[in-house]
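*Asks:* Fold the following, please.
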Amino acid sequence: SDTGEASVPNSVVIGAGESSTTFTVSGVGDAVSDGSQSVTITASATGLNPDVAVVEVTDIEVSDLVITELAANSPAYTDHQEQFTYKVENRGLQNLSDTWTDRVYLSADNQLDDGDLLLTEFEITADIQVGQFYERSVSYFNPRTPGEYYLIATTDADGVVNEGIGKGESNNTVIAPFSV
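*Replies:* Residues are numbered from 1 along each chain as shown. Sure, this is the predicted structure:
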């Protein structure tokens, strides 16, 4: 229904004896960051019932910060100083020049909540081209009690970078388990 957001082939072939086929729905790059759009696709063929599907097309023509690595030494020893490393990449379709905050927490479970210990917080001011990244290594002290723990890292923790609607804002947190 909206050829400015998505395109489909003008026709597809349904093989003899078949009742369906697959085809590709392609997003249209229009250089407009207009979020998620509903597009209606209608299919019909002689001798078969027509069908209609509504798909959501999201054009993330914005930056997209993604934590692509988070690692701690494991097993680690109680109450010893250790180091973890995390890497953040711009996987969007636009270069980024902005200021945002990264945070990394120590957690006894795999959920980010008020009971987690903030290990580090960095205010990042950077120009990151599409496909480029930055990496940080941070020293911290392991808990005194042996057990299973989690590092929880979040970039753009305060949601100040426009990463589009949906996936762009929902992929900013990564969880990595480790043993003490």
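
*Asks:* For the residue of the chain most remote from its centre, give me the backbone phi and psi.
*Replies:* Ranked by distance from the centre of the chain (C-alpha atoms, centre = their mean), the top residue is residue 47, with 42.8 Å. In this entry, residue 47 is assigned phi and psi values of phi 80, psi 0 (degrees, to the nearest 10).

*Asks:* any idea how far it is from residue 18?
*Replies:* Plainly put, residue 47 is 12 Å away from residue 18 if you go by C-beta to C-beta, to the nearest Å. Every residue, glycine included, has its C-beta placed from N, CA and C.

*Asks:* leaving aside the residues next to it on the chain, what's closest to residue 162?
*Replies:* The shortest distance from residue 162 to any non-neighbouring residue, by C-beta to C-beta, 6 or more residues apart in numbering, is to residue 62 (5.2 Å).

*Asks:* That neighbour touches residue 91, doesn't it?
*Replies:* No: look at residue 62 against residue 91 with C-beta atoms under 8 Å: they stay out of range, at 10.9 Å.

*Asks:* Tell me where this structure has helices.
*Replies:* Ranges of helices within the chain are 167-170, based on DSSP state H.

*Asks:* any chance you could map the strands in it?
*Replies:* Assigned by DSSP state E, the chain shows strands spanning 6-7, 26-27, 36-45, 48-58, 65-72, 81-90, 96-107, 117-128, 133-141, 148-154, 173-179.

*Asks:* export those to a markdown table and tack on distance to residue 14, mean neighbour count and mean pLDDT?
*Replies:* Output for those, formatted as a markdown table (distance: least, C-beta to C-beta, whole Å; neighbours: other C-beta atoms under 10 Å; pLDDT from 0 to 100):
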| stretch | distance to residue 14 | mean neighbour count | mean pLDDT |
| --- | --- | --- | --- |
| strand 6-7 | 20 | 16 | 83 |
| strand 26-27 | 20 | 14 | 78 |
| strand 36-45 | 6 | 14 | 81 |
| strand 48-58 | 7 | 12 | 80 |
| strand 65-72 | 39 | 19 | 93 |
| strand 81-90 | 41 | 18 | 94 |
| strand 96-107 | 45 | 18 | 97 |
| strand 117-128 | 46 | 13 | 96 |
| strand 133-141 | 45 | 14 | 95 |
| strand 148-154 | 47 | 20 | 96 |
| strand 173-179 | 43 | 16 | 94 |
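
*Asks:* Please consider this matter closed, and thank you.
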